[in-house]
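Chemist: sequence and predicted model, in that order:
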2 protein chains.
Amino acid sequence: MEQHPPLRLPRGRPRSFDTEAAVGRAMGVFWTRGYHATALPDLLRATKLSRGSLYAAFGDKRGLFLRALDRYIADALTRMDIELDPRRAPVVGLRAYLAGYVDRTSGAHGRRGCLLVATAMELAGHRDPEVDRRIGSFFKAMETRVAAELSRAKDAGELAEGVEPAIAARLLVCFVEGLRVVGKTAPDRVTTQATADALLDRFIR
Amino acid sequence: MEQHPPLRLPRGRPRSFDTEAAVGRAMGVFWTRGYHATALPDLLRATKLSRGSLYAAFGDKRGLFLRALDRYIADALTRMDIELDPRRAPVVGLRAYLAGYVDRTSGAHGRRGCLLVATAMELAGHRDPEVDRRIGSFFKAMETRVAAELSRAKDAGELAEGVEPAIAARLLVCFVEGLRVVGKTAPDRVTTQATADALLDRFIR
DNA sequence: GTATTTAAAGACCGTTCGGTCTAGATATCA
DNA sequence: TGATATCTAGACCGAACGGTCTTTAAATAC
């Protein structure tokens, strides 16, 4: 067991705002506006923090951004783990996974875009290893989960002949990230769903 | 025939720089850095223009950006028209089209990203109709060309059974735009090519 | 009570932003 | 030559940027 520290209460006034809630609100701003277009006053308004509190809690704008990005990634992977629940049939999970992207990339939802894709395009590959690592590991994590699900499907005999789970997983990841891009034009949901179905139907029996 | 205007030469010193070349150099800067992260001095350095000349020729930063975006789009569509040359077999054209994206989204090329996708994520859906129109019409133009090629393939009996050219075209567009996104992590070319092949092979006979 | 810690408000800092303007050189036409 | 038009170079502008710091109030432990 871990040895707890003495746990003496600190002397002064305790922190009165919820750090995680502030990260969530900041995430929303970065999400809709992008990193460079988000100014400090935007973040102060959204988090309802003073400049001093924000800098004490997060260091600087980039520090808060990285926290927000981590939250966004954690949310996405958590959602995936629910959709690809191993207790469900793999094809059901894959359909749920795609249906989630159809929902998030159609109409007004689509127009809002994706913090991760926006960050990849705006900040990745510009000598910021903290950003690059997050982007790279997210795609890898996503691909790994999809590949596992496809492997389960293959074992259950539900995959079309000759489909390699690893390659197909990469393909699906490219597809859903592409949905996020064209989703910025707010395509209608029926067409998006039909496109996703057309893809999956070629890979399952 | 069109009636030419009198065509009198203007009085003063003629323009001495190549406007289109300047647009091309500016395009390169926006491409690698994105809109907001590109500062005026970056553009002045790249175009080798003075502030005065740049503002006289393009109005403002946004005006120059729109010119650069138009150039980028025109280049992309021209390239597609070459790859999908109607005198070639449609499957050959589609393979060339995908091979081009494999090349542009692997390794260092991939890391550079795509001005159009970056613009879609950074600027689309933010009440700038000039940007929105360009992004939307580009995806539509691309989709139309791919759909036509798939239609030709279908007529030639080269498509797998039950493949709808219109839906499959949208799917391919999503896929290649997704390639641009994950391409920011500089994936290796062999894997990317295998992924593209795995997709196309499911849709052709 | 005192000491201590935090919070909000906002003044303040130097820098950079996009954009305008002037000065002087240069290149063309008439 | 003189008029005209464009060039470069860079000073200049107000606004906004990210970030620091001071002040004052409030909330806790002792």
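Modeler: Yep, it's here.

Chemist: now stretch A:149-157 - C-alpha only, PDB.
Modeler: Written as PDB, here are the backbone C-alpha positions of stretch A:149-157 (Å, rounded to 0.1, in the frame of the first residue of the first chain):
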ATOM      1  CA  GLU A 149     -12.200  -5.000 -32.600                       C
ATOM      2  CA  LEU A 150     -11.600  -6.100 -36.200                       C
ATOM      3  CA  SER A 151      -9.500  -9.000 -34.900                       C
ATOM      4  CA  ARG A 152     -12.400 -10.100 -32.700                       C
ATOM      5  CA  ALA A 153     -14.700  -9.800 -35.700                       C
ATOM      6  CA  LYS A 154     -12.400 -11.900 -37.800                       C
ATOM      7  CA  ASP A 155     -12.200 -14.500 -35.100                       C
ATOM      8  CA  ALA A 156     -16.000 -14.600 -35.100                       C
ATOM      9  CA  GLY A 157     -16.000 -15.100 -38.800                       C
END
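
Chemist: quick check, that stretch touching chain B?
Modeler: No - Stretch A:149-157 stays clear of chain B (C-beta under 8 Å from any C-beta of the partner chain), getting no nearer than 11.7 Å. Bear in mind the C-beta positions are built from the backbone N, C-alpha and C, glycine included.

Chemist: go through that stretch and flag the buried ones.
Modeler: A:149-154 (16 or more other C-beta atoms under 10 Å in any protein chain shown).

Chemist: I'd like to know which elements the stretch of helix or strand A:A26 belongs to is packed against.
Modeler: Counting by DSSP states H and E, the element that carries A:A26 is helix A:19-33. Contact partners of helix A:19-33 among helices and strands, from 3 or more C-beta pairs under 8 Å, 6 or more residues apart in numbering or on different chains; DSSP states H and E: helix A:40-47, helix A:51-58, helix A:61-83, helix A:115-123.

Chemist: okay, the ones you listed in CSV with mean neighbour count next?
Modeler: Output for the helices and strands packed on helix A:19-33, formatted as CSV (neighbours: other C-beta atoms under 10 Å in any protein chain shown):
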stretch, mean neighbour count
helix A:40-47, 16
helix A:51-58, 15
helix A:61-83, 17
helix A:115-123, 25
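
Chemist: quick one: whichever residue of chain A sits closest to DNA strand C from DNA strand D, how far?
Modeler: Relative to DNA strand C, the nearest point of chain A is A:G12 (1.8 Å; C-beta to the nearest atom of the strand). For A:G12, the distance to DNA strand D (C-beta to the nearest atom of the strand, to the nearest Å) stands at 5 Å.

Chemist: do A:E20 as well
Modeler: Counting by C-beta to the nearest atom of the strand - A:E20 and DNA strand D are separated by 19 Å.

Chemist: can you check A:V173 too?
Modeler: The value you get for A:V173 to DNA strand D, if C-beta to the nearest atom of the strand is used, is 31 Å.

Chemist: please name the nearest non-neighbouring residue to that residue.
Modeler: Closest residue to A:V173 apart from its sequence neighbours, by C-beta to C-beta, 6 or more residues apart in numbering or on different chains: A:E143 at 5.0 Å.

Chemist: check which helix or strand that neighbour maps to.
Modeler: helix A:129-155.

Chemist: ok, then the element right after that helix?
Modeler: helix A:165-182.

Chemist: go ahead and confirm A:H109 touches A:D103.
Modeler: Yes - counting by C-beta atoms under 8 Å, A:H109 touches A:D103, with 6.4 Å between them.

Chemist: tell me how many other residues crowd whatever residue of chain A ends up closest to chain B.
Modeler: In chain A, the residue that lies nearest chain B is A:G178 (3.0 Å; C-beta to the nearest C-beta). A count of neighbours around A:G178, defined by other C-beta atoms under 10 Å in any protein chain shown, yields 28.

Chemist: pLDDT score for the nearest residue to it once chain neighbours are set aside?
Modeler: Closest residue in space to A:G178, ignoring its immediate chain neighbours: B:G178 at 3.0 Å, by C-beta to C-beta, 6+ apart. pLDDT for B:G178: 99.

Chemist: could you do A:S16 as well?
Modeler: 86.

Chemist: gap between it and A:K48?
Modeler: 11 Å (C-beta to C-beta, to the nearest Å).

Chemist: so where's chain A shaky on pLDDT?
Modeler: A:1-7 (pLDDT under 70).

Chemist: what residues does it put near DNA strand C?
Modeler: A:10-17, A:48-53, A:56-57 (C-beta under 7 Å from any atom of the strand).

Chemist: identify the farthest-apart pair in those residues.
Modeler: Largest separation among the residues of chain A next to DNA strand C by C-beta to C-beta: A:R11 and A:K48, giving 25.6 Å.

Chemist: gap between stretch A:148-167 and the chain center?
Modeler: Put simply, stretch A:148-167 sits 24 Å off its chain's centre (C-alpha atoms, centre = their mean, to the nearest Å).
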